[in-house]
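>>> Predicted model and sequence follow; I will ask about them next.
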There are 2 protein chains.
Amino acid sequence: MRLCKTIEEIRLLLNTVRNKGKYIGLVPTMGFLHQGHLSLVHEAKRHCDVVVMSIFVNPTQFGPNEDYDAYPRDLQRDTSLAAEAGVDIIFAPPAEEMYPQEFSSYVDVTGVSESLCGGSRPGHFRGVATVVTKLFNIIQPQAAFFGQKDFQQVLVIKRMVADLNMHVKIVDVPIMREIDGLALSSRNIYLSPEERQAALVLYRSLMLAQELIVNGEREIRRIKEAVIKAIGAEPRANIDYVEILSIPNLTPIDQLKGKALLALAVRFGKTRLIDNTVLEA
Amino acid sequence: MRLCKTIEEIRLLLNTVRNKGKYIGLVPTMGFLHQGHLSLVHEAKRHCDVVVMSIFVNPTQFGPNEDYDAYPRDLQRDTSLAAEAGVDIIFAPPAEEMYPQEFSSYVDVTGVSESLCGGSRPGHFRGVATVVTKLFNIIQPQAAFFGQKDFQQVLVIKRMVADLNMHVKIVDVPIMREIDGLALSSRNIYLSPEERQAALVLYRSLMLAQELIVNGEREIRRIKEAVIKAIGAEPRANIDYVEILSIPNLTPIDQLKGKALLALAVRFGKTRLIDNTVLEA
């Protein structure tokens, strides 16, 4: 496995790879890898000759009061986990390599980026779309792999790729969960044991919604109320949002017809966790 | 020469070209070609194996009260001029091919795009950066050619290419002028004979500024005042802006040291013309 820290370095390396006609897959991450990231690598290896993983805690997707500085980092551990999983090249640039001082261009996806995390975290998806555009241009992968845990992110990136005519296939991979249902996240490390236990309410409330659907409920308002009530019963949980929106445009709906996204963002102490499930009538 | 109207069509065609290892040059235009555009083609032919010209009056770079509908179009005449000049492929998509209904992603270059035409035409450079990104992704040229008449546009695009790590060399080509000094522009066709005559004040005022520099003037305020006075002497001229700014960031300066851009936007009747010159101490 090769580790590149500069754009120049990885471009030169990938030129050689591309000239051999290899199919290149990209797994963009912010590092502090868990099984969720590794499931993206496994999927990438099924499709691609060469798998590149980027490890970059992207400052432009964090708000001024968010956890950019505190975000967990461990490049050495990430490097061994990635190598073990079969990653061929890691791209781990320092922040100033990606954002030199005079940097001033951004990619904005309107519409689908405005609800959910886009509402709670202004500028977040602008940062995501910008860094993903940069990574696509630097690495020029034929395919890129994203986790469904960040469901809205997947929709934003698919919209951007279609709108801006980028040549890359976006593959989304199901959420990985702990045995008790907690969705894997690098931020889970922030949780105290009590918060970790309390956070199980997320998965339970998603399952409750699925159960309501199975029992014939189609009224969005009632499903939402039941989810809010279930989360509210957990005293350590502070709801940021609970929404059920259309796919792929994330617009409000009254009745469940076809597919819709149930998405949650909930704080446990200082830690904000997200989770989601696709509801289907 | 081949004429492509869909993205699918030109992608397929260019895949074949690329597989032969050809160096592809792009000349983006809004059509209604004049010698200025053709000078870009000549420059492109010196550098590239295959020259693609896009002809697309881009709706997103026009404001709601601007001349999008009235902008002159003549694809048949453009096609013969382009063929004569040696263009290999024309890409002339309809607006709905570039902007389908659900389109919602934009590229924003902050800073350098905010003064001059960015101030007078809010959203203009967002539209320019977005369509140029789309064209670069569709055509994937190794080089793209832009006229210095839109000097700020060149700076915006160079900034965008650097910031977003696009793989394309930006080549800028000097302004072409009529014998009497009027910069070539598709919008010159709007001018009445009297306005056409009055518009010569633009070039005269640029030359006046150059003369002041030759005579040792370095005070930006005084050069600007002289230019404003010269344009003001022409009763048909209505100044939108007269500015002298640093290159490449287009920030205000007090004294001329090294290079600076003197840029003008002036209305003659309903027609807004731009022109510029680089001042050098």
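That came through fine. The structure presented is a predicted model; accordingly, all values stated were derived computationally and were not measured.
>>> quick check, residue A:175 in a helix?
No: going by DSSP: H, G, I helix; E, B strand; the rest coil, the assignment for residue A:175 is coil, not a helix.
>>> Settle this for me: it is touching residue A:183, isn't it.
Yes: in terms of C-beta atoms under 8 Å, residue A:175 counts as a neighbour of residue A:183; the distance is 5.2 Å. (Glycine included, C-beta is placed from N, CA and C.)
>>> what residues are shared contacts of these two?
Common contacts of residue A:175 and residue A:183, defined by C-beta atoms under 8 Å, 6 or more residues apart in numbering or on different chains, comprise A:36, A:149, A:275.
>>> Which of those fall in strands?
Residues of the shared contacts of residue A:175 and residue A:183 located in strands (DSSP state E): residue A:275.
>>> List the contacts of the residue nearest the centre of chain A.
Central residue check for chain A by C-alpha atoms, centre = their mean: the C-alpha nearest the mean position is that of residue A:150, 3.4 Å away. Listed by C-beta under 8 Å, 6+ apart, the contact set of residue A:150 reads residue A:274.
>>> for the one 5 residues further on, same thing?
With contact set as C-beta under 8 Å, 6+ apart, residue A:155 has these partners: A:112, A:247-248, A:250.
>>> Please pick the buried ones from those residues.
Judged by neighbour count, with 16 or more other C-beta atoms under 10 Å in any protein chain shown as the criterion, the buried members of these are A:112, A:247-248, A:250.
>>> on that earlier part again, show me which of the contacts of residue A:155 neighbour chain B.
When these are checked against chain B using C-beta under 8 Å from any C-beta of the partner chain, the ones in range are residue A:112.
>>> Enumerate the beta-bridge partners assigned to residue A:50.
Beta-bridge pairing of residue A:50 under DSSP bridges involves residue A:24.
>>> tally of neighbours for it?
Close neighbours of residue A:50, defined as other C-beta atoms under 10 Å in any protein chain shown, add up to 21.
>>> Could you verify my assumption that it touches residue A:17?
Yes: contact between residue A:50 and residue A:17 holds when scored by C-beta under 8 Å: they sit 5.3 Å apart.
>>> Next, show the common contact partners of these two.
Common neighbours of residue A:50 and residue A:17 are listed as residue A:24 (criterion: C-beta under 8 Å, 6+ apart).
>>> same question for the one helix or strand residue A:226 maps to, mean pLDDT?
Here residue A:226 sits within helix A:220-232, counting by DSSP states H and E. Along helix A:220-232, the predicted local confidence has a mean pLDDT of 98.
>>> just stretch A:179-189 next, same as before
Per-residue confidence for stretch A:179-189 averages out to 97 on the pLDDT scale.
>>> Kindly export that stretch (C-alpha atoms) in PDB.
Provided in PDB are the C-alpha atoms of stretch A:179-189 (Å, rounded to 0.1, in the frame of the first residue of the first chain):
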ATOM      1  CA  ILE A 179     -25.000  -5.900  17.300                       C
ATOM      2  CA  ASP A 180     -27.300  -3.800  19.500                       C
ATOM      3  CA  GLY A 181     -28.300  -1.600  16.600                       C
ATOM      4  CA  LEU A 182     -26.200   1.500  17.100                       C
ATOM      5  CA  ALA A 183     -25.000   2.800  13.700                       C
ATOM      6  CA  LEU A 184     -21.200   2.900  13.400                       C
ATOM      7  CA  SER A 185     -19.800   6.400  13.500                       C
ATOM      8  CA  SER A 186     -16.400   7.800  14.300                       C
ATOM      9  CA  ARG A 187     -18.200  10.100  16.800                       C
ATOM     10  CA  ASN A 188     -19.400   7.200  18.900                       C
ATOM     11  CA  ILE A 189     -16.100   7.400  20.700                       C
END
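>>> Quick check: residues of chain A near chain B?
For chain A, the residues in contact with chain B under the definition C-beta under 8 Å from any C-beta are A:7, A:102-112, A:129-130, A:133-134, A:137-138, A:140, A:159-160, A:163-167, A:249.
>>> And those, which of them are buried?
Those of these that meet the buried threshold are A:7, A:103-109, A:111-112, A:129-130, A:133-134, A:137-138, A:140, A:159-160, A:163-166, by 16+ other C-beta under 10 Å.
>>> how about the helices of the stretch 151-281 of chain A, start to end?
Secondary structure of the stretch 151-281 of chain A, counting by DSSP state H, counting those that start in this stretch: helices at A:151-163, A:193-198, A:200-214, A:220-232.
>>> most packed of the ones you listed?
The highest mean neighbour count among these belongs to helix A:151-163 (a mean of 23), with neighbours defined as mean count of other C-beta atoms under 10 Å in any protein chain shown.
>>> Quick one: mean pLDDT for it?
Along helix A:151-163, the predicted confidence averages to a pLDDT of 98.
>>> go on, stretch A:255-274?
For stretch A:255-274, the mean per-residue pLDDT is 97.
>>> Between the two ends of that stretch, how far is it?
Stretch A:255-274 has an end-to-end distance of 23 Å (C-alpha to C-alpha, to the nearest Å).
>>> What residues of that stretch count as buried?
Per 16+ other C-beta under 10 Å, stretch A:255-274 contains these buried residues: A:256, A:260-266, A:268, A:271-274.
>>> what's around the residue nearest to residue A:158 when sequence neighbours are not counted, how many residues?
Once its chain neighbours are removed from consideration, residue A:158 has its nearest residue in residue A:170; the separation is 5.2 Å (C-beta to C-beta, 6 or more residues apart in numbering or on different chains). When neighbours are defined as other C-beta under 10 Å, residue A:170 has 17 of them.
>>> repeat for residue A:8
Once other C-beta under 10 Å is used to define contacts, residue A:8 is seen to have 11 neighbours.
>>> Just confirm it is within a helix.
Yes: according to three-state DSSP, residue A:8 belongs to a helix.
>>> Model confidence score at it, please.
In the prediction, the pLDDT value recorded for residue A:8 is 98.
>>> Now for it: which residues touch it?
Listed by C-beta under 8 Å, 6+ apart, residue A:8 has no contact partners.
>>> Can you read off the pLDDT for the nearest residue to residue A:141 once chain neighbours are set aside?
Distance criterion C-beta to C-beta, 6+ apart; nearest residue to residue A:141, sequence neighbours excluded, is residue A:26 at 3.8 Å. Reported pLDDT at residue A:26 in the predicted model: 98.
>>> Same check on the one 3 residues further on?
At residue A:29, the pLDDT value in this model is 98.
>>> beta partners of it?
Per DSSP bridges, residues listed as beta-bridge partners of residue A:29: residue A:55.
>>> Isn't it up against residue A:39?
No: distance between residue A:29 and residue A:39: 11.8 Å, which falls outside the contact criterion (C-beta under 8 Å).
>>> what about stretch A:92-104, start to end distance?
For stretch A:92-104, the end-to-end distance is 21 Å (C-alpha to C-alpha).
>>> who has more neighbours, residue A:175 and residue A:183?
In this view residue A:175 and residue A:183 are compared by other C-beta under 10 Å, and residue A:183 has more residues nearby, 22 against 19.
>>> Was I right to think the more buried one contacts residue A:151?
No: using C-beta under 8 Å as the test, residue A:183 is too far from residue A:151 to be in contact (11.0 Å).
>>> Now do the contacts for the residue nearest to residue A:230 when sequence neighbours are not counted.
Closest residue in space to residue A:230, ignoring its immediate chain neighbours: residue A:205 at 4.1 Å, by C-beta to C-beta, 6+ apart. Under the criterion of C-beta under 8 Å, 6+ apart, the contact list for residue A:205 reads A:227, A:230-231, A:264.
>>> Would you mind checking which of those residues is nearest to chain B?
residue A:264 (24.6 Å; C-beta to the nearest C-beta).
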